[in-house]
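Participant: Predicted model follows, preceded by the sequence.
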Amino acid sequence: MRIADGPLLELADRLKSAPVPTWDSELHFFDGTAKSVMYTLLLDAVNFCFWPSPDFRVEHQGKRYGEDDGYPALAVALKRAFEEGMPLWDAQRLRDLTEAEFRHILRGEGEIALFDRRLANARDIGATLLGKYGGDCRVLLESAKGDAPALAAALASDFASYADFRTYRGERFPVLKRAQICVSDLVGAFGGKDLGALGRAWRLTCFADYKLPQLFHSYGVFVYAPALEKAVRGLEEIAEGCEEEVEIRACTIAAVERLQTMLAAGGRALSPREIDWLLWNESVVPGRLTVPHHRTITTSY
């Protein structure tokens, strides 16, 4: 596959005046305390791969979530649990979370995909906090000394649920979609202050998942080899860690870095995380996506 600079320039022009999205307080729990940190750690630990079960829906305060994507349903289900007083902010309770409790948390219409993997990741957050950080998420934050990349690295190295590495032709490299988005979410939720005061967030890359490649493919930025094009359009499963899947993720990061350079040349300085948010918003505009997303069963995104 390759990145086509012509369509990428056109996309940069489209984005040059688009407002960067603000934090969505409707979907997410926030009370300004360590509970909000725990909510974010938990949310992004279980935020992956919704497409095998497209019928997962959650109702909250009279509104239905999950019609077009499973993430809003997941985010609001966890928010509901925090609001109801289920002590998911307690590391020991999270470590010992039962299947029945997790099913109650995610109650709604249909069942979320990869339920067992999500439960394991939720428990890992509690177990790792207890084993390495005295059960206190604030100690985790303190260990990063206010540095966003350092916190992302700590999540990836210490929490099995946040490890995200790929190997390409013998070389292993970090992608860290969920570790980085967790850090970005903390900055966004707290407005860069208090427990979310994390510097150098501009050093985070984009969050290489399935939605951004779908947008790039739809706009002609990604040009796939014929076999990959056929597989994506035919909704064929693309194996996690195969060369094609790794190339899609790596090219997503590279394309966003190129977009950053193009936007800066046009007078707009944005970080990769801000460009990611812009692209995500662009991807949910009706009619923007003209091809399916690639199908990979993974806990990485």
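Facilitator: Perfect, thanks for sending it.

Participant: so where does Ala113 fall, helix or strand?
Facilitator: Assessed by DSSP states H and E, Ala113 sits outside every helix and strand.

Participant: Show me where this protein has its helices.
Facilitator: For the chain, the helices defined by DSSP state H cover 5-15, 34-45, 70-83, 91-95, 99-105, 115-132, 137-143, 148-158, 177-190, 211-218, 226-233, 243-265, 272-283.

Participant: who does the first one touch, helix- and strand-wise?
Facilitator: Put plainly, it is helix 5-15. helix 243-265, helix 272-283 (3 or more C-beta pairs under 8 Å, 6 or more residues apart in numbering; DSSP states H and E). Every residue, glycine included, has its C-beta placed from N, CA and C.

Participant: rewinding a little: so which of the helices of the chain gets nearest Arg166?
Facilitator: Of all these, helix 243-265 sits nearest to Arg166, with 4.7 Å by C-beta to C-beta.

Participant: buried residues in the closest one?
Facilitator: Buried residues in helix 243-265, counted by 16 or more other C-beta atoms under 10 Å: 244-253, 255-256, 258-260, 262-263.

Participant: Convert the C-alpha atoms of that helix to CSV, please.
Facilitator: Only the C-alpha atoms of helix 243-265 are listed here, as CSV (Å, rounded to 0.1, in the frame of the first residue of the first chain):
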residue,chain,number,x,y,z
GLU,A,243,2.1,-7.4,7.1
GLU,A,244,-1.0,-5.8,5.6
GLU,A,245,-2.5,-5.0,9.0
VAL,A,246,0.8,-3.6,10.3
GLU,A,247,1.2,-1.5,7.2
ILE,A,248,-2.3,-0.1,7.6
ARG,A,249,-1.5,1.0,11.1
ALA,A,250,2.0,2.3,10.4
CYS,A,251,0.8,4.3,7.4
THR,A,252,-2.0,5.8,9.5
ILE,A,253,0.6,7.2,11.8
ALA,A,254,2.7,8.4,8.9
ALA,A,255,-0.2,10.0,7.1
VAL,A,256,-1.2,12.0,10.2
GLU,A,257,2.4,13.2,10.6
ARG,A,258,2.4,14.3,7.0
LEU,A,259,-1.0,16.1,7.6
GLN,A,260,0.6,17.9,10.5
THR,A,261,3.4,19.2,8.3
MET,A,262,0.9,20.3,5.6
LEU,A,263,-1.3,22.1,8.0
ALA,A,264,1.6,23.8,9.6
ALA,A,265,2.8,25.0,6.2
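
Participant: now for that helix, which elements pack on it?
Facilitator: strand 2-3, helix 5-15, strand 165-168, helix 211-218, strand 222-223, helix 272-283.

Participant: In terms of secondary structure, what does the fourth one contact?
Facilitator: When you say that, I think you mean helix 211-218. helix 243-265, helix 272-283.

Participant: Thr33 is nearest to which of those helices?
Facilitator: helix 272-283 (23.8 Å).

Participant: Please identify which of the helices of the chain is closest to Gly199.
Facilitator: Nearest to Gly199 among the helices of the chain is helix 148-158 (6.4 Å), distances taken as C-beta to C-beta.

Participant: what inclination does that closest one have with respect to helix 34-45?
Facilitator: 60 degrees (axes from the mean of the first three to the mean of the last three C-alpha atoms, to 10 degrees).
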